[in-house]
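[1] Here you go, sequence then predicted model.
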Amino acid sequence: MRHNTGKNELSNERKSAVLVLILFVNLILISSQIILNNRQSLLQTVIANMVMPLQLTFQKSSDFVLGELQRYLFLRNIFKKYQVLKKQYLDLRIENYALARNLRDLRLAAGVKPPPIRFHLVSVISVDVNFPFAQVTIDKGTRAGLAENDVVLNTDAELVGRVIKPLTAFSARVRLITSSIGGTGAYIESNTMEGLLKGANRAECSFQYLLANRPVRLGDRVITSGTDLLYPSYLPIGRVIKIESDYLTQRILVRPFFVDKPLKKMLVLKNE
């Protein structure tokens, strides 16, 4: 008896489900026949309202991806052009330095082209925090052909220092012109007054042995003289920032150009 009752309940549930399905299909058919004011059926309007958000989301996503792709390609091309222009800029700075040096020393002969100057672009990998104006370490060494006394410039072709020992295959030390060890032969560009430029492990260098018979002005440019046989002549060093008169000489402070610029990339001139 109970078994028959269970079968009857299951049959009634199936009938109810079929009835609901038939009613739902009829509702869809009826809604498809109802024409709204915009001449669309109710079913079409419902489907359109359900699909529209998905369509808008897909459209915005595709527009965003396409825009980012175009932006990436544009920036990539701009970066490549920037690298090419930067290399050309460095070449021109070195060429300008070479021409100025040769012109001053009157070593240009008619129709004779001076030999090209070889240089390496290096990066600073460490700085002594206790003596930041004494020396730095760069990321190239003997494997790249670097040797002791190779001249080091910043990317504006202004004097920074020279390569010193010890050198390794992949690194080298650079003694800055602001170091207290050593000196640099230099002169005031405006009046060709020559002396010895000494560092003191700080941002300024002092001019020594400058006679007081020639005037020096604040802002005068200081360049290498080449008399020390370490640095070539006519390399920009810095500008005069302080002048004090003494009995026979002048006490002059010079601020090198490189101390006010980022010292991340440098040029090493091969010592010929």
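    Now that the structure is in, tell me what you want to look at. Numbering: from 1, shown residues only.

[2] CA atoms for contacts and neighbours, from now on please.
    Will do.

[3] For stretch 198-212, buried residues please.
    Residues of stretch 198-212 classed as buried under the neighbour-count rule (16 or more other Cα atoms under 10 Å) are 198, 199, 200, 201, 203, 204, 205, 206, 207, 208, 210, 211.

[4] Which residues are in contact with residue 202?
    Contact analysis of residue 202 by Cα atoms under 8 Å, 6 or more residues apart in numbering lists 132, 133, 134, 178, 179.

[5] swap the cut-off to 10 Å and go again
    Contacts for residue 202 were tallied using Cα atoms under 10 Å, 6 or more residues apart in numbering; they are 131, 132, 133, 134, 178, 179, 180, 255, 259.

[6] Show me which of the buried residues of stretch 198-212 is closest to residue 241.
    The nearest member of these to residue 241, counting by Cα to Cα, is residue 204 at 8.8 Å.

[7] how about the nearest residue to the closest one, chain neighbours excluded?
    Here the nearest residue to residue 204 in space, its sequence neighbours aside, is residue 255; by Cα to Cα, 6 or more residues apart in numbering that works out to 4.7 Å.

[8] again, but for residue 154
    Excluding the flanking residues, the one nearest residue 154 by Cα to Cα, 6+ apart is residue 266, at 4.5 Å.

[9] next one: residue 132
    Here the nearest residue to residue 132 in space, its sequence neighbours aside, is residue 201; by Cα to Cα, 6+ apart that works out to 7.5 Å.

[10] circling back: show only the entries of the contacts of residue 202 found in strands.
    Using DSSP state E, the members of the contacts of residue 202 that fall in strands are residue 255.

[11] and the residue nearest to residue 132, backbone torsions?
    Residue 201 adopts backbone torsions of phi 60, psi 30, taken as degrees, to the nearest 10.

[12] all strands for this protein, in order.
    Secondary structure of the chain (DSSP E): strands located at 119-127, 135-138, 151-154, 159-164, 172-176, 183-188, 194-199, 205-208, 221-224, 236-245, 250-256, 265-269.
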